[in-house]
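1. need coordinates for the following:
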Amino acid sequence: MQCNFEEVEIQRINTEDTFYKITTCNEIDGISDSVRDIGIINPPVLVNEKDRFTIVSGFRRIKAAIKNGFLRIPVKTISSAKESIECAKIAISDNSFQRNLNQIEQARAIHLLTCFYRSPEEISDIAAGLGLPANPSIIQKLITISRTDKHIQDYILSETLSMTTALLIDKLHEKHKLPMARFIHSLNVGLNNQREVLILLTEISKRENKDLLELLAEKSIADIINEPNREVRQKAAQIRKLLRKRRFPELTKAEDTFSDCVKKLKLDQSLKLLPPKDFEGTTYLFQISFNSYEDLLRQQIQLEEVIGNPILKQILK
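-> Here you go, the predicted model:
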């Protein structure tokens, strides 16, 4: 593949064609100042398309040059078909060997390779050499993410929706995917809580034979989400509590009763009473924390007082 260094007119560069674009960063303020002061040090790579050029790498550099009013810029032009694996390798390498790619950039890179290779196994053979994940299972997940709605990809980028949760959402009916992703994004919770909310909503939907969109729009949920004086994390906790109570009414009733009784015991922070998992057994656990032998003796006295408390007998019935 022949490569030439030359200057080309900006107007001959097709900036609308993003076939080879990998980066998710559209901010150019920093690079714009550099281009203005010292010019383009690392020329973008272009491929000739009749009388115009397609960008292979250097999207932000070209955007910065346009912002600074450049009419011509130095570039590297390559002789290749407009859409070729050679150009794809250059586009990916120019990004992956300069920095760690985020998940969406990895997905874009893998998606680019799917234009030339059919299966994850075929892609795996070349991915490692391009600084990309080579595991076929991960490649398949990235392919799935690359095809999701742009808004969902943005939620992944903002770290309000994990890729794991996004993959679970992708299994839903098409009309449910974006609303569900948007709802979980609005809660701003970690992976475990994201999964819990998603599973609770889908199980309630199936159990009550109610459409997910109808469920998400219910007043009880909307009132929590739209409460102006409540912090996001508080809203998320309230949503989880509401959904758990609806999905597991007997379990949440048992949890609430247990919690009320434990409060009445007025235990020290160093002494905790833990119930059976999901209240399905009869084995309870006392957890004692102490810093010294004397401290342990004090905890022993407290434990003996608790054992004689009628409330504990009520809990253990």
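
2. surely K82 is in contact with V47?
-> Yes - between K82 and V47 there is a contact under CB atoms under 8 Å: 5.9 Å. Yep, even glycine has a C-beta here, placed from its N, CA and C like the rest.

3. overlap in contacts, those two.
-> T54 (CB atoms under 8 Å, 6 or more residues apart in numbering).

4. who's more crowded, those two?
-> Using other CB atoms under 10 Å, the more surrounded residue of K82 and V47 is V47, with 22 against 17.

5. for that one, what are its contacts?
-> So V47 contacts F53, T54, V56, T77, I78, S80, A81, K82, S84, C87 (CB under 8 Å, 6+ apart).

6. now with 6 Å, please.
-> For V47, the contact set (CB atoms under 6 Å, 6 or more residues apart in numbering) comprises T54, V56, I78, S80, K82, C87.

7. from these, which land in helices?
-> C87 (DSSP state H).

8. by neighbour count, which of the contacts of V47 wins?
-> For those, neighbours tallied by other CB under 10 Å; top is V56, 27 neighbours.

9. excluding chain neighbours, what is closest to it?
-> The shortest distance from V56 to any non-neighbouring residue, by CB to CB, 6 or more residues apart in numbering, is to V45 (4.2 Å).

10. distance of that neighbour from P133?
-> Look at V45 and P133: by CB to CB, to the nearest Å, they are 24 Å apart.

11. neighbour-wise, which of the two wins?
-> Neighbours were counted for V45 and for P133 using other CB under 10 Å; V45 has more, 21 against 18.

12. so how far is Q140 from the more buried one?
-> Counting by CB to CB, the gap from V45 to Q140 is 29 Å.

13. one more: S119?
-> Counting by CB to CB, the gap from S119 to Q140 is 9 Å.

14. out of those two, which sits in the busier spot?
-> Q140 (17 against 11).
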